[in-house]
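Asker: Sequence first, then the predicted structure:
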Amino acid sequence: MPNATTTAESSSARSGAGPGGGNDNDAEARFKHLPITLFAIVMGLSGLAIALEKAYHLFGGSPLWFRAPLIFSTGLFGVLVYFYGRKWMRYPEVVAADFFHPVRMHFFPTVSISLLILSIGYYSYLPVLAVPLWFLGAGLQAGLTFFIFSYWIRHNFEIQHANPAWFIPIVGNIIIPIVGVDIVGNQVAMFFFVVGLFFWVILFAIVLYRIIFHHQLPDKFVPTLFILIAPPAVGFISYLRITQNVDVIALALLFIGYFFTILVFLMANSFWRLKFFVSWWAFTFPLDAITIASLAAYQATREPFYAVVSILLLTITVVVIGIVSVETLKQVRRGAICVPEA
């Protein structure tokens with residue numbers, strides 16, 4: 001990546017080639033097409049770190065297993081922020097086109113959600129870092145929520161633009177209370193929880209209508225079906241943090257999460273046939289979320305059922321993230337990342 005940037009700078013300086021110009025070399029083109037969706041990698045890896053930390057506290061093991069992916073994902077977040085910031089400065093019109101694109105705009109909150117997940121990962125043993133990360137992430141997430149929602153109202157969208165990634169800007173607020181309940185109290189935490197839960201129901205109806213009654217999702221968006229798992233799973237964790245109680249509402253959220261988990265596994269054939277896209281990382285954070293929810297349920301109830309489910313889901317999550325990581329590295333070596341969309 002540094003070589004790509006350096007080459008991009010020197011190329012631009014020599015040729016003055018602008019965005020979309022035919023004289024751009026490969027490195028310049030890759031830098032220009034750095035996708036915002038790469039932040040989903042941070043979400044997947046830092047979510048895995050949280051699941052491993054919870055498993056460590058419940059079942060034992062080595063702290064290295066969760067600290068290593070957490071530190072790596074923190075470093076990766078810094079690298080992505082640096083390079084996407086450079087892209088923003090060099091190609092502001094390209095970033096603006098992505099930000100106002102009816103589909104790509106919904107992936108920009110992966111930045112704020114990455115910050116919030118990192119804050120959860122550090123909260124138990126490094127709160128001096130977790131609290132600033134939470135304030136930054138929560139503030140950015142709230143700002144993007146209001147901006148994107150008002151953009152939806154002021155502009156026309158087509159039903160085929162709808163996909164599960166639409167949950168990220170608005171329903172993503174449901175992750176804020178997990179650490180926020182300790183930092184800003186129950187009332188603020190409940191505000192973000194209710195907003196996320198309310199719009200999960202509404203957007204789910206819209207996305208389900210689009211999936212059933214209109215053309216199938218393009219292949220690159222098929223992995224986003226896994227996002228259906230995340231809202232109820234994260235909702236269960238947030239509700240548990242706010243109420244400290246596994247009641248009927250908590251169990252309803254958890255079991256809806258299990259329903260979507262079983263559903264996407266029964267649809268495995270729809271995923272195996274897909275060629276690699278960066279959107280494969282959409283497989284990962286929802287699996288992290290339902291695993292963490294199961295571990296939290298076991299911690300709260302000590303029901304053996306949740307222990308068995310947790311271990312099974314954690315194993316699947318580690319395998320899936322391993323496969324997606326290997327495929328990502330293969331694509332990086334082939335130069336197939338950061339290319340124009342087909």
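Answerer: Nice, I can see it.

Asker: For stretch 247-254, buried residues please.
Answerer: Using 16 or more other Cβ atoms under 10 Å as the test for burial, stretch 247-254 gives 250, 253, 254. For every residue, glycine as well, the C-beta is placed using N, CA and C.

Asker: hmm, who's touching that stretch?
Answerer: Contact with stretch 247-254 is made by 232, 233, 235, 236, 239, 240, 243, 293, 294, 297, as judged by Cβ atoms under 8 Å, 6 or more residues apart in numbering.

Asker: export the residues you listed to TSV and tack on secondary structure, pLDDT and distance to residue 128?
Answerer: Converted to TSV, the contacts of stretch 247-254 look like this (DSSP: H, G, I helix; E, B strand; the rest coil; pLDDT from 0 to 100; distance: Cβ to Cβ, whole Å):
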residue	secondary structure	pLDDT	distance to residue 128
232	helix	96	32
233	helix	97	28
235	helix	96	28
236	helix	97	28
239	helix	97	27
240	helix	96	25
243	helix	95	28
293	helix	97	27
294	helix	97	30
297	helix	97	30
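
Asker: Just the buried subset of those, please.
Answerer: Buried among those (16+ other Cβ under 10 Å): 232, 233, 235, 236, 239, 240, 293, 294, 297.

Asker: okay, the buried residues of stretch 247-254 in JSON lines with secondary structure next?
Answerer: Below are the buried residues of stretch 247-254 laid out as JSON lines (DSSP: H, G, I helix; E, B strand; the rest coil):
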{"residue": "250", "secondary structure": "helix"}
{"residue": "253", "secondary structure": "helix"}
{"residue": "254", "secondary structure": "helix"}
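
Asker: Kindly reformat the residues you listed as CSV containing distance to residue 195 and pLDDT.
Answerer: What follows is the buried residues of stretch 247-254, written out as CSV (distance: Cβ to Cβ, whole Å; pLDDT from 0 to 100):
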residue, distance to residue 195, pLDDT
250, 18, 97
253, 15, 97
254, 20, 97
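
Asker: Identify, from those, the entry nearest to residue 205.
Answerer: Using Cβ to Cβ, the shortest approach to residue 205 within those belongs to residue 253, at 17.1 Å.

Asker: measure that closest one to residue 31 for me?
Answerer: 42 Å (Cβ to Cβ, to the nearest Å).

Asker: what sits against residue 107?
Answerer: Per Cβ under 8 Å, 6+ apart, neighbours of residue 107: 35, 36, 37, 39, 40, 165, 168.

Asker: ugh, wrong one, I meant residue 294
Answerer: So residue 294 contacts 254, 306, 309, 310, 313 (Cβ under 8 Å, 6+ apart).

Asker: State the pLDDT value of the spatially closest residue to it that is not a sequence neighbour.
Answerer: With Cβ to Cβ, 6 or more residues apart in numbering as the criterion, residue 294 has its nearest non-adjacent residue at 4.2 Å, and that residue is residue 310. On the pLDDT scale, residue 310 is placed at 97.

Asker: in the helix or strand where residue 310 lies, what counts as buried?
Answerer: Secondary structure from DSSP states H and E places residue 310 in helix 304-334. Buried residues in helix 304-334, counted by 16+ other Cβ under 10 Å: 306-307, 309-311, 313-314, 317-318, 320-321, 324-325, 328, 331.

Asker: Sort these by pLDDT and name the bottom one.
Answerer: By pLDDT, residue 331 ranks lowest within those, coming in at 86.

Asker: Now do the contacts for it.
Answerer: 276, 337.

Asker: Please apply the same query to residue 35.
Answerer: Shown in contact with residue 35 (Cβ under 8 Å, 6+ apart): 107, 278, 338.

Asker: run the last query once more with 7 Å
Answerer: 278, 338 (Cβ atoms under 7 Å, 6 or more residues apart in numbering).

Asker: where does it land on pLDDT?
Answerer: Predicted confidence (pLDDT) at residue 35: the value is 90.

Asker: about what we covered before: just give me the closest of the contacts of residue 294 to residue 273.
Answerer: Nearest to residue 273 among the contacts of residue 294 is residue 313, at 23.8 Å by Cβ to Cβ.
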